[in-house]
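Undergrad: Mind looking at a prediction? Sequence and model below.
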Amino acid sequence: MLVFLTNNFTAPALTIAKLYQGRWQIELFFKWLKQHLRIKAFYGTSPNAVRTQIWSAIAVYLLVVILKKRLHLEAGLYTILQILSLTLFEKMPISQALSQLPPTSPPTDPQNHQCLLEF
């Protein structure tokens, strides 16, 4: 049995439960954003600025996941992002910059980031 508190006494209980469910999905989305996209602060406060920064971060995340898959890299996404940020303005192929990665041990967590995108 779940109890939902509300001050809207005119809406049916199922509607209130659906609203809580929708809010929980939003909370999970922002939790995922904080964990994976490393957004520390938003540079703008308008809805358009926030949307643009989130979509840019998601695009970068997906490009790094694709890069990791295509180059068969064992390093974690965070490590790859760090190397890319250090070699951002150097004229060298990405594969060369990432070929110097130290070997990593296999992850102990069976759920890794690629499962999210079915790679």
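TA: Looks like it came in fine.

Undergrad: okay, CA-based contacts and neighbour counts for the rest of this
TA: OK.

Undergrad: Looking at the closest residue to Thr6 other than its chain neighbours now. What's its pLDDT?
TA: Spatial nearest neighbour of Thr6, chain neighbours left out: Ile16 (7.7 Å); criterion: C-alpha to C-alpha, 6 or more residues apart in numbering. The model reports Ile16 with a pLDDT of 87.

Undergrad: can you check Asn48 too?
TA: pLDDT, read off for Asn48, is 94.

Undergrad: Is Thr10 in a helix, a strand, or coil?
TA: The three-state label given to Thr10 by DSSP: H, G, I helix; E, B strand; the rest coil is coil.

Undergrad: Going forward, count from 225.
TA: Okay, using 225 as the starting number, the last item reads as Thr234.

Undergrad: how close does it sit to Ile240?
TA: Here Thr234 is placed at a distance of 10 Å from Ile240 (C-alpha to C-alpha, to the nearest Å).

Undergrad: so the residue nearest to Thr230 touches Phe228, yeah?
TA: Yes: assessed by C-alpha atoms under 8 Å, Ile240 is found in contact with Phe228 at 7.4 Å.

Undergrad: Cheers, nothing more for now.
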